[in-house]
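Chemist: task: produce atomic coordinates for the following.
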Amino acid sequence: MSLLKRIEKKEPAQTAPPASVGGNSMPPPVESMSRQRQTPAPPVDKMVELRARLLSKIIAELDPKLDIGRSDDLRRNVEELFNQFLAEESDVVLGRVERQRLLDQLTAEIMGFGPLEPLLRDNTISEVMVNGPNMIYIERNGKIERVSARFDSDMHIMRIIDRIVAPLGRRVDEGQPFVDARLPDGSRVNIIIPPLALNGPTITIRKFAKIPLTSDDLIQRGAFTKEFDEFVKACVKARLNMVVSGGTGTGKTTMLNIFSSYIPNDERIITIEDAAELQLRQEHVVSLESRSKNIEGRGEVTRGDLVINALRMRPDRIIVGECRSGEALDMLQAMNTGHEGSMTTVHANTPRDALHRLETMVLMAGFDLPLKAIREQIASAVDVIVQLERMRDGTRKIVNLAEIQGMEGDVIISQEVFRWENAGVKDGKVLGALKATGIRPKFIERIEAAGIFLPPSIFGLDPRFYQ
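Modeler: A predicted model of the protein is given here:
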């Protein structure tokens with residue numbers, strides 16, 4: 001049967017009136033009832049239009065001379081104008097909850113970061129990811145979930161992006177379509193826009209806790225043990241050069257913050273970062289931040305340039321937020337020229353991979369150095385590599401601490417001092433513990449020369465043999 005005949009055959013059945021039995025019409029078929037229950041297509045969102053109208057009116061009426069730093073006065077003015085203009089909307093009736101929600105949204109648009117504002121205030125959220133105007137994801141307790149918040153359009157996102165980068169003297173446009181920045185509270189921000197981002201302007205915010213995490217907090221969470229913490233504290237005070245290694249989102253910057261907190265207050269610390277994130281509590285800290293090219297393609301200052309400049313600033317410690325390219329060579333030379341106790345982070349999956357990555361980054365500096373000379377520099381400069389890992393349940397833990405013992409032929413020799421021992425998974429939680437391997441590191445003499453004497457039990461040894 002042809003398609004036309006099948007359609008003609010169905011039409012009478014669809015248009016026929018319902019049959020009657022005893023004067024009562026038969027109930028409509030189930031298919032018809034399901035169509036009736038379907039929600040009709042929603043009309044144009046009147047709340048979006050109302051919010052846009054009120055926002056434009058309030059911005060137009062705000063006093064341009066008003067000090068935006070006085071947030072209480074600005075918030076009071078916004079609320080007065082909101083009540084005034086909302087009263088003029090005669091056809092709009094809002095309940096108390098809707099009215100307060102609309103006021104909060106307008107206040108966030110004018111004073112904060114729009115739809116991101118409540119997410120940034122939520123202390124249980126560790127990461128915010130904007131994948132275009134209609135897709136916003138968060139990370140909570142190590143798990144990613146989608147939220148109902150949304151932007152009105154790509155232009156709405158761009159307004160918030162400009163508000164983030166403008167105070168830092170940075171820009172995002174077609175000539176510079178991606179940038180690293182930070183929020184006033186120190187949270188890390190990465191922004192990438194079309195034409196590179198096909199889904200629309202994309203924002204990734206790595207939130208930092210209002211109160212920085214301490215070693216006690218991480219011990220309670222099972223990230224490491226008290227014995228490990230005591231050992232690392234001795235390494236920092238003995239001015240050993242340390243590299244924190246791990247993948248993306250494993251907590252390298254948080255761990256670097258904790259290790260840096262063990263530096264004595266009477267030492268001069270210089271930090272070098274792309275976007276200042278480290279939250280050191282010492283008094284004598286100088287923070288340096290790299291700079292990208294301007295619109296003419298000039299004025300770039302790299303992390304390597306800042307490391308070289310830091311050598312002339314009489315530092316006791318140099319802390320590089322992250323080594324990603326040729327600045328690794330300048331960092332190794334600083335470690336080898338009397339600036340002991342320096343620290344940095346690298347992206348790598350194991351301590352051995354961290355050594356290979358350092359070799360690669362030194363080669364990226366553009367100097368034609370033999371591989372053996374590079375490895376000798378690394379073996380002489382780096383004393384300790386701390387490896388972090390993000391577990392399957394979302395928790396972040398230290399899984400390895402390796403000592404760099406030197407060279408043997410053309411190979412860098414390393415020795416594990418602490419190692420994570422996995423004990424399986426129970427109720428979705430990864431079980432295990434960070435344990436000592438029973439080996440005392442060779443640099444224990446440097447720790448003892450600094451007046452720090454660690455008990456043998458830290459290394460898993462029986463103290464009776466060392467009495």
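
Chemist: got the buried residues for stretch 263-274?
Modeler: Buried residues in stretch 263-274, counted by 16 or more other C-beta atoms under 10 Å: 263, 269, 270, 271, 272, 273, 274. Glycine gets a C-beta too; all of them are placed from N, C-alpha and C.

Chemist: meant to ask about stretch 425-441, not that
Modeler: Applying 16+ other C-beta under 10 Å to stretch 425-441 flags 430, 434, 436, 440, 441 as buried.

Chemist: same deal with stretch 223-234?
Modeler: Neighbour counts using 16+ other C-beta under 10 Å place 223, 224, 225, 227, 228, 229, 231, 232, 233, 234 of stretch 223-234 among the buried residues.

Chemist: the domain parsing of the chain - what is it?
Modeler: For the chain, the structural domains run 49-111, 114-210, 215-466, going by automatic domain parsing.

Chemist: contacts for the helix or strand that contains residue 104, please.
Modeler: Secondary structure assignment for residue 104, by DSSP states H and E: helix 96-111. Outside helix 96-111, the residues that touch it by C-beta atoms under 8 Å, 6 or more residues apart in numbering are 47, 50-51, 54-55, 58-59, 62, 68, 71, 74-75, 78-79, 82, 86, 94, 114-115, 117-118.

Chemist: same check, this time on stretch 161-170
Modeler: Under the contact criterion C-beta under 8 Å, 6+ apart, stretch 161-170 has outside partners 113, 171-172, 179, 181-184, 189, 191, 193, 201, 203, 292.

Chemist: and for stretch 439-455?
Modeler: By C-beta under 8 Å, 6+ apart, stretch 439-455 touches 230-231, 234-235, 237-240, 383, 403, 405, 415-417, 456, 459, 461, 463.

Chemist: how about 7 Å then?
Modeler: 230-231, 234-235, 237-238, 240, 383, 403, 405, 415, 417, 459, 463 (C-beta atoms under 7 Å, 6 or more residues apart in numbering).

Chemist: which residues in the stretch 51-200 of the chain form helices?
Modeler: 71-88, 96-111, 117-121, 154-165 (DSSP state H, counting those that start in this stretch).

Chemist: and these: which comes nearest residue 250?
Modeler: Nearest to residue 250, of all these, is helix 117-121, at 22.3 Å by C-beta to C-beta.

Chemist: now do the closest one: distance to the chain's middle.
Modeler: 15 Å (C-alpha atoms, centre = their mean, to the nearest Å).

Chemist: which residues touch it?
Modeler: So helix 117-121 is in contact with 108, 113, 125, 128, 138, 147, 149, 207, going by C-beta under 7 Å, 6+ apart.

Chemist: do the same with stretch 395-407
Modeler: For stretch 395-407, the external contacting residues (C-beta under 7 Å, 6+ apart) are 142, 222-224, 228, 250-251, 351, 375-376, 379, 382-391, 412-420, 430, 434, 441-443.

Chemist: buried sites along that stretch?
Modeler: Neighbour counts over stretch 395-407 (16+ other C-beta under 10 Å) mark 395, 396, 397, 398, 399, 400, 401, 402, 403, 404 as buried.

Chemist: next, count neighbours for residue 124.
Modeler: Look at residue 124: counted by other C-beta atoms under 10 Å, it has 8 neighbours.

Chemist: which pLDDT value goes with it?
Modeler: As predicted, residue 124 sits at a pLDDT of 88.

Chemist: picking up where we left off before, would TSV of the helices of the stretch 51-200 of the chain with mean pLDDT and mean neighbour count be doable?
Modeler: Below are these laid out as TSV (pLDDT from 0 to 100; neighbours: other C-beta atoms under 10 Å):
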stretch	mean pLDDT	mean neighbour count
helix 71-88	73	14
helix 96-111	77	16
helix 117-121	88	16
helix 154-165	88	17
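
Chemist: may I have the strand or helix carrying residue 377 exported as CSV, CA atoms only?
Modeler: Taking DSSP H and E as the definition, residue 377 sits inside helix 371-381. Provided in CSV are the C-alpha atoms of helix 371-381 (Å, rounded to 0.1, in the frame of the first residue of the first chain):
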residue,chain,number,x,y,z
LEU,A,371,71.2,14.9,28.0
LYS,A,372,73.7,13.8,30.6
ALA,A,373,74.5,17.4,31.5
ILE,A,374,70.7,18.0,32.0
ARG,A,375,70.3,15.0,34.2
GLU,A,376,73.3,16.0,36.3
GLN,A,377,71.7,19.4,36.8
ILE,A,378,68.4,17.7,37.9
ALA,A,379,70.1,15.2,40.2
SER,A,380,72.2,17.9,41.8
ALA,A,381,69.3,20.4,42.2
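
Chemist: could you list every helix and strand in contact with it?
Modeler: If you count contacts as 3 or more C-beta pairs under 7 Å, 6 or more residues apart in numbering; DSSP states H and E, helix 371-381 packs onto helix 327-336, helix 351-363, strand 396-408, strand 411-426.

Chemist: looking at the ones you listed, which is buried most?
Modeler: helix 327-336 (a mean of 24; mean count of other C-beta atoms under 10 Å).

Chemist: which helices and strands does that helix pack with?
Modeler: On a contact count with 3+ C-beta pairs under 7 Å, 6+ apart, helix 327-336 meets helix 303-310, strand 317-320, helix 351-363, helix 371-381.

Chemist: give me the nearest residue to residue 201, chain neighbours excluded.
Modeler: Excluding its sequence neighbours, the residue lying closest to residue 201 (C-beta to C-beta, 6 or more residues apart in numbering) is residue 157, at 4.2 Å.

Chemist: that neighbour and residue 188, how far apart?
Modeler: From residue 157 over to residue 188 the distance is 18 Å, taken as C-beta to C-beta, to the nearest Å.

Chemist: with residue 200 instead?
Modeler: The spacing between residue 200 and residue 188, counted by C-beta to C-beta, is 21 Å.

Chemist: quick one: low-confidence parts of the protein?
Modeler: Along the chain, the model assigns pLDDT under 70 to residues 1-45, 62-74, 93, 295, 462-467.

Chemist: what residue lies at the spatial centre of it?
Modeler: Nearest to the mean C-alpha position of the chain, by C-alpha atoms, centre = their mean, lies residue 206 at 2.4 Å.

Chemist: ok, of the buried residues of stretch 395-407, which one's closest to residue 315?
Modeler: Within these, the smallest distance to residue 315 is 22.1 Å, found for residue 404 (C-beta to C-beta).

Chemist: tell me how far the closest residue to the closest one other than its chain neighbours lies from residue 334.
Modeler: Nearest residue to residue 404, sequence neighbours excluded (C-beta to C-beta, 6+ apart): residue 382, at 5.0 Å. Separation of residue 382 from residue 334 (C-beta to C-beta): 12 Å.

Chemist: and residue 240, how many neighbours?
Modeler: Neighbour count of residue 240, defined by other C-beta under 10 Å: 23.

Chemist: equivalent analysis for residue 169, please.
Modeler: Neighbours of residue 169 (other C-beta under 10 Å): 9.

Chemist: do residue 372 as well
Modeler: 12.

Chemist: and for the closest residue to it other than its chain neighbours, the neighbour number?
Modeler: Excluding its sequence neighbours, the residue lying closest to residue 372 (C-beta to C-beta, 6+ apart) is residue 410, at 5.5 Å. Neighbour count for residue 410, taken as other C-beta under 10 Å: 9.

Chemist: ok, the closest residue to residue 341 other than its chain neighbours to residue 224 distance?
Modeler: Nearest residue to residue 341, sequence neighbours excluded (C-beta to C-beta, 6+ apart): residue 239, at 3.5 Å. From residue 239 across to residue 224, the span is 21 Å (C-beta to C-beta).

Chemist: fine, thanks again, bye for now.
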